[in-house]
Structures are given as structure tokens and as C-alpha cells.
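Enquirer: after the sequence you'll find the predicted model.
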Amino acid sequence: MDLSLSDDQRQILEAIDGLSKPFASVPLHDTSFALSSDALDAELGEGGFLDVMAMEELGPVTAALVVERLARLPFAVEAGASALVRPLLDPELPRPVCLVEEGPMQQPVRFLRPGTTVVVVSDDVRSFTAEAEHVAGLGSEVLFAYPMARLIGLPPTMRTHEVDAGTVRMHWRIALAAEAAGLLAAALASTVTYVSERKQFGRPLATFQALRHRLAEAQVLTNGCYWLALKAAGTLDPGDAALAALHAQDAAKRVTYDFHQFLGGMGMTLEHPLHLWTYRLKALTAELGGRGEQALAAAEAHWS
Amino acid sequence: MDFEWSDDQRAFADQLRAFLAANLPENWEELAGHGPASAEITELSKRFCAALAREGLLFPHWPVEYGGQGLGPWEQQILAEEMWVAGEPRGGQYMNVNWIGPTLLKYGSEEQRAKYLPPITEGRALWCQGFSEPDAGSDLASLRTRATRDGDVYRVNGQKIWTSYAGLADTCFLLTRTSDDRKRGITILLVPMDTPGITVRQIPSLIGEGDIHEVFFDDVVVPVEARLGEEGQAWEIIAYSLRNERLGIPRFRLARAALDRAVAMLKERRAFAREAVRTEAARCAAACEAARIASYAIVQKRVDGLPIGGESSSARYATVMAERTVADFVVEYVPEALADASPYLKMHHQRGIVAGIAAGAAEIQLNIIASEVLELPREPR
């Protein structure tokens, strides 16, 4: 048992913090609903931060750490699929990578646009490069804080990958859990800052126990999600991965309304960046069939 | 990072399990159903802990110079888990080896060590913890049991309440007030429970037999030599005592074991195929695992010699949630287990109510997380 970060891991996280500094804050009053940055994306790709999983001394835990850290940024970055799934298929697949389960079309897919790699997971795993004909926009009223589009069709032929679909789903769950952990941490930190500064009845909101206890409970959930995600990346056990994704999707549902609630009037605005993390969390709760599916997968892995 | 036990750690756990298998009586589960403070378990604990001591397994985490093996925090965690998941056959003696003994080693006088350490290390001592009072629970520093100096003795008057093990304990680790200074006016006395003037009344409880008591002190005469440390040093000493106890009991382990048993019972009657049941069971497993790994993150800090702050309260709160979630699952889906079918699940169910109350209420843990982890501005006092 060893839960310490290695020196390499520490350095990688520091490098990410350094590189992402220009993207670490958004000016108030200047927040679009789905904030992303091609410049940040390119820097991460070029820096090799999304390729750490295949490196023996770094591996999936480091990849999960990278995903968690990047998810804390107000700018949405496609990291989870690239860092934790792509290496299983073909490390050269062009980014961003979109993961979809084969099923009814029209579902909104994160980061989908013409040119992205779409990985279709069913009994097998296939991929293709999205063309304009496969992609439709979501309309003007978008309720997700990721760049998203609808997948409206699949090409007649796709590339088949020699990889077990169960393994891909497991890595997807780990990526989802790591990303959610980072989103939870950032949303919590953002809320904590606001309620520590905002005064009502002559004192900071954060001095009221009604908020303190719920924020503390959110910290407990966030901490649990972080460690479950790392553990799943460490053990590569399907049961651990399902528990991590389940706990993450559960936590997302339990905290997001609280956080907006605690911001009061500001929690209804686009002027505060909180929604960037909470609406991403909401979007993640729909992934992989939602928490019911993670729960069933966990039950199968633990007690079949 | 490595989320698996090392070979040595696995071997240590195996050694403990083999010991438990060889040393627990056949009707152990039935006995454990009486609760850790019951007469049955207390009696058994004295034989069991003596045997543990002979194997070097009673206090292997103590320093070598005091008879331990100097085993590290991971091994201490493994020991605590294996004992708790087995139903804690050490009864109340787990406190002795976890903090009372180490506290005596650091702060005890030579006479106190000579008197109290052998019974602890031989596995035959039972202590109780005279902390809570009718008006001093979470707000411990407002305790009022008064120790008045009278020449070479203190005269103790007052009352303790919800005291575990008091009915059968031989010694009380007693917090008394020697001056009006809130925290620096508190003094520890080590008081034999057969001292005249002490009256113990058992409180009927939801959590097993003989667990909680009222203890009355009516002009109890205690020699000055029974004072641990200096007058007013109690707060500092307790902080030291509880430093290694911050995580509390590894309840997530018993919770997970109880969950597995409940699932086994459900499978037996072919009721585990229902999606609603499987979903809830998985949520329980997630809660247990989250608590476990959050606790291990704290153990890691101890291994690394890093200071441990409010994050241990976060692990504790996660543990409380895990235990409650599982207890709720059992009562909802396997109610027959709480009738007569399983003393083990019955015990888990009873302890579910203790988790958030004993040794620092869950709300206090949340207060600590808010102040120390989230660093929220303090509440007005």
C-alpha cells in the first residue's frame, strides 16, 4: 500500500499547473456557457500530458491525476478519453476523442465536431473520424458546459480495434470518475471562496452552520471520488472502476444544486463561473447510461 | 501509488486471521451479539488478549523498547481492521493498546507505569473513559466534575455519563476540573473503579449489553500520585492520546463484511436479481470503499510523517456514512437477519447508531472539515 504521489507525478502536476496558469481563471462577467480553448488543448497535446498512461513509470494512475487536475480548469479540455482510453486503441488517434455507446442516435456527445475521432463501444470497439454529415448542432439553448454536438449517423465502415470492450468501458469509467473528481473539487473551491466573502446579516455566509455542514459533506464526497478514481486507475479492476464512476455520478447529483443555492442570486447568473463545473458534472451524470448502469456493473463485478 | 497490500502486509493479516480462527470459541458470533462491553465479551477478552500478548499481537505497533515490535501505521491499521471485522474480541481492551498504554508511556510516572502497564500488556486490564458529562458532551471543555486538592489527596465530586465499559472496568481515565480555566483547568486522574464513593448505574441502551453508564463520584478520595501529568495538563495529554486515534474504529470494514453477508442471504433466497436491490448494494459498496480509501490516505500521511489535520475528520465522516448506508440496506432488504438469523448483522445494525455519536459526534467532524480543510471563516461564538 502506498498512496503518496511519486516525484514524477508531482512534477507533472506542477507542469500542468504552470502551463494552464493563463487558463486558470475567467474574468467575472465574461463567461460563456461552454468555455474551451484550442490553445490550451494544443499545448497539452504537444506537451505529451495525455500520453502518460503508456509510459511504464507513470501509467494509468498518473493519467487519472492529469485528467483530475485539468478538469479543475474553467476551460473544458478533452482529456479523459485521450489520456485513459486512446492508449488502449491507438495512441496516434487524432484528438479530441469522443466516446459513445452504440445505440439510438441524436444523443449529445462531448467535444464532437467534424474532424474528431469517435469511438463507438458496443460488443466490440470501432472508431471513425467524424465528418460534417455525422454531426448536428444542439441548437442555441445549450444546457451543457462542454462543447457538444449530436451524433446523427455512423459511416458504413469503421475501423475495428483489437481490444476488449469491457476493458474500454472500465477505462472510460475511470476517466469519468477522475474528471468528475476534478470538477467537484473546482466547484467546491469556487463556492467556498464566494461564501467566505459574501456577507449577509453582517457576517460571511460561510459562518452559518447550515452552509458549513453541507459544504463539509461535499468535501467528504469530493475526497471520496478523488481516491476512488485513483484507486480504480491503480488496480484496473472493473469493480473498482464501476464504484468510482457510481460514486462520482452520485456525488454530482448531490452537490450541484447546493452549490448554486449557496451563491444565492449570483448562482443564477452566467457572471459567476460556477456553472462551468456544475453543468459539466450534470452532463457527466448522463454518460455510460447513468448511475444505475454503474451500480449494476459494480454489483456484477462484486457479487456475480 | 500502490493500492495493494505488500506480501508482508498480507502475511501479517493472514497471521491475525489464523490466530482468530484458532482462538475464538465456536459460538463466537453468538457471543459477539451481546456487544463488546457485555460481561460475556469482557470475560472472553481477557483470555483472548492474553493469548494475543503471548503471540506478540496485542501491541505490535508499540516501540521495541516497550515490548512492541515497532510495526508501522499500515500494520496498526491491519490489526484494527482484522479485529473489528471479526467482531472485536478484544472488547474494551482495544483502547488500552491504542491510546491508554501509549499515553502512560509518555506521561505516566514510574509508579503509574509499573502499576498499570503490566495488566495492559498481559491483556487483562479494562479501562473506562470518564469524559462526557450531562452538560459536557461535544462541548467537552465545559466539564464540571470537580477534583479539590486536600493535602495529599484530591476529593472528586461530580458525574460522568454515557461512559462505555464502566460497569466492568477496573480503572477510569478520568477528566476532572481543578480550576475554572476552560481547557487549562482540566486534570487527569487514574482512578480505580472500586474506590469508595464511586457508583455506576447502567443505562439501558440500543447498542448492546452493558455498554453505557452513568458514573457518580461522591467525595471520592484519590491520592495525588494518581494524577497523570500536571494539574491542567489534560487537554494537551488528550490531544497526544488521540493523535493516533483520529481515524477511529475502521467501521467500513465491518460494514463491507456485513454487506457481503446480506448479499449472500439475498442470493440464497434468489432475491438479489432485482435491479433495485443490486443498485442499492452497489451504492453501499461505494460508500464503504470511499471510506476505506479516504482512511488509508490518512494512514499514508502517518507513514510519511506528515501532519494530520481535519482531513481525518473527512475520513471519519465517510465511515459514518458507510456504516449507516449498509445498516439501512440490511434493514430494508434483509430484515430477517435482524430477527434471529445473524448475530453478526445484528451487531452491525446496533453499532450503526454509535458511529456518528461516540468519540466525536459527526457534526463535530463536519465543523472540523469546514474550519480546517475548507478553511471557512469561523462561526461566531
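Expert: Noted; the coordinates are in hand.
Enquirer: for the residue nearest to residue B:227 when sequence neighbours are not counted, give me its contacts.
Expert: Among residues not flanking residue B:227 along the chain, residue B:189 sits closest, at 5.7 Å (CB to CB, 6 or more residues apart in numbering or on different chains). Using the backbone N, CA and C atoms, a C-beta is placed for each residue, glycine as well. Contacts for residue B:189 (CB atoms under 8 Å, 6 or more residues apart in numbering or on different chains) come out as B:147, B:154, B:156, B:172, B:174, B:176, B:222, B:226-228.
Enquirer: part of a strand, is residue B:189?
Expert: Yes: counting by DSSP: H, G, I helix; E, B strand; the rest coil, residue B:189 falls inside a strand.
Enquirer: any idea how far residue B:96 is from it?
Expert: Look at residue B:189 and residue B:96: by CB to CB, to the nearest Å, they are 17 Å apart.
Enquirer: what's the end-to-end length of stretch B:242-258?
Expert: 28 Å (CA to CA, to the nearest Å).
Enquirer: give me the buried positions along that stretch.
Expert: For stretch B:242-258, burial by neighbour count (16 or more other CB atoms under 10 Å in any protein chain shown) applies to B:244-258.
Enquirer: which one of the contacts of residue B:189 is nearest chain A?
Expert: Closest to chain A out of these is residue B:176 (30.8 Å), distances taken as CB to the nearest CB.
Enquirer: so which residues of chain B form strands?
Expert: Using DSSP state E, the strands of chain B run over B:127-130, B:146-150, B:153-164, B:171-177, B:186-192, B:198-202, B:212-223, B:227-228.
Enquirer: now do the stretch 151-300 of chain A
Expert: For the stretch 151-300 of chain A, the strands defined by DSSP state E, counting those that start in this stretch cover A:159-161, A:199-200, A:203-204.
Enquirer: which neighbouring elements make contact with the longest one?
Expert: Applying 3 or more CB pairs under 8 Å, 6 or more residues apart in numbering or on different chains; DSSP states H and E, one finds that strand A:159-161 contacts strand A:125-129.
Enquirer: residue contacts, the residue in the stretch 151-300 of chain B positioned nearest to chain A?
Expert: At 3.2 Å from chain A, residue B:290 is the closest residue in the stretch 151-300 of chain B, using CB to the nearest CB. Counting by CB under 8 Å, 6+ apart, residue B:290 touches A:224-225, A:227-228, A:247, B:318, B:322.
Enquirer: make CSV from the strands of the stretch 151-300 of chain A and add distance to residue B:38 to it.
Expert: Converted to CSV, those look like this (distance: least, CB to CB, whole Å):
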stretch, distance to residue B:38
strand A:159-161, 60
strand A:199-200, 51
strand A:203-204, 49
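Enquirer: now tabulate these in CSV and tack on mean neighbour count and mean pLDDT.
Expert: Shown next, in CSV, are the strands of the stretch 151-300 of chain A (neighbours: other CB atoms under 10 Å in any protein chain shown; pLDDT from 0 to 100):
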stretch, mean neighbour count, mean pLDDT
strand A:159-161, 15, 98
strand A:199-200, 12, 96
strand A:203-204, 16, 97
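Enquirer: so, low pLDDT: which residues of chain B?
Expert: Counting by pLDDT under 70, the ranges of chain B that qualify are B:244.
Enquirer: in the stretch 101-250 of chain B, which residue sits closest to chain A?
Expert: residue B:138 (12.9 Å).
Enquirer: could you report the neighbour count for that residue?
Expert: Using other CB atoms under 10 Å in any protein chain shown, residue B:138 is surrounded by 12 other residues.
Enquirer: show me what the closest residue to residue A:151 other than its chain neighbours is bridged to.
Expert: Of all residues not flanking residue A:151 in the chain, residue A:109 sits nearest, at 5.1 Å (CB to CB, 6+ apart). Beta bridges link residue A:109 to residue A:149, judged by DSSP bridges.
Enquirer: thought residue A:109 was touching residue A:152?
Expert: No: Residue A:109 lies out of contact with residue A:152 (CB atoms under 8 Å); the separation is 10.3 Å.
Enquirer: these two: who's more crowded?
Expert: More neighbours surround residue A:109 than the other of residue A:109 and residue A:152, with 20 against 12 (other CB under 10 Å).
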